[in-house]
Structures are given as structure tokens and as C-alpha cells.
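Trainee: requesting a structural model of the entry that follows:
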Amino acid sequence: MDREELLNATPEDGGESQKKQESPLVSLEKDLAFYADAIKEVGIEIMVEGISAHPIFIAHQHQVSIGEMILNREELNTDWSIQASTLEEFVEKGIITKEKKEPFLKVYKRPEDFMCVFVIVPEGANFIYYPYKKAER
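Mentor: Modelled structure (predicted):
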């Protein structure tokens, strides 16, 4: 999947349920804003300790077997759990193939400014980049 597929994804019913049921990405954005400082701290730690220059965070609402749990939705009374991982682990587990590693690195945004989030929903999974600081209005 590429970024355009995620950004241009539309509900199969043409948006009818959009009015009735809020997209899970709305609650994800709320949780990422709430978690931003903690996620940034972990990302910096991953880089400073030399673990990886490319931290990746996994946002999910169920069990996943990649990365380490850093923010548990049940403990924090939020909608999404966050796990910390790295590009290297994604390649090792085959989520990012060796052939896709270079193209991935070309679109990987500065980890000091954006969190790289692998979002897992029942319909599939994809990468998003969420800025640490929203522009003040």
C-alpha cells in the first residue's frame, strides 16, 4: 500500500456510514495528540541510544506481535495502544521488504518533527506521519 491509497480510501458504502459512525482515524488523531510528548521522548531515546535512526510506532486496538508496548489504551483509558519499533525490526519481520526499504527511507520524514506511525485497523494497515507540534492558530 502506498500513501495515496490510505489518503484516498473511502468507505465502501460511499460515505453513508460516515455520518452514523465516526472513523477510527478521528479517535487516533485525538490519541496521537494526547500521546505526542511521550512518543517523541521514546523516539529520541531510540535514536540517542543508537538502537535505530528510524523509529516506527504501531497504533492498534488489539494484540500485535511487533515492537514493545509503550502506551496501553486499557491503562490510559484511550482508544489506541502504541508500541515502539524500528525500521530494522519491520525489515526483519518482512513488513517492509528489503526491496522496499530504500523507497520507504525516501519518504520517511524527520523523526524530530514527525512520528512515523504504522496504523493497524481491521481493513488493513498503513503508514502515516503525524507532526509532533500542531501549528498554533
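Trainee: give the helix, strand or coil label for the nearest residue to residue 98 once chain neighbours are set aside.
Mentor: Distances taken as CB to CB, 6 or more residues apart in numbering put residue 91 closest to residue 98, at 6.4 Å, once the chain neighbours are dropped. From N, CA and C alone the C-beta is placed, and that goes for glycine too. Here residue 91 is recorded as helix under DSSP: H, G, I helix; E, B strand; the rest coil.
Trainee: and residue 91, how far from residue 118?
Mentor: Between residue 91 and residue 118 the distance, using CB to CB, to the nearest Å, works out to 13 Å.
Trainee: more neighbours: those two, which one.
Mentor: The residue with more neighbours, out of residue 91 and residue 118 and counting by other CB atoms under 10 Å, is residue 118; that gives 21 against 16.
Trainee: in which helix or strand does residue 32 reside?
Mentor: Per DSSP states H and E, residue 32 falls inside helix 24-48.
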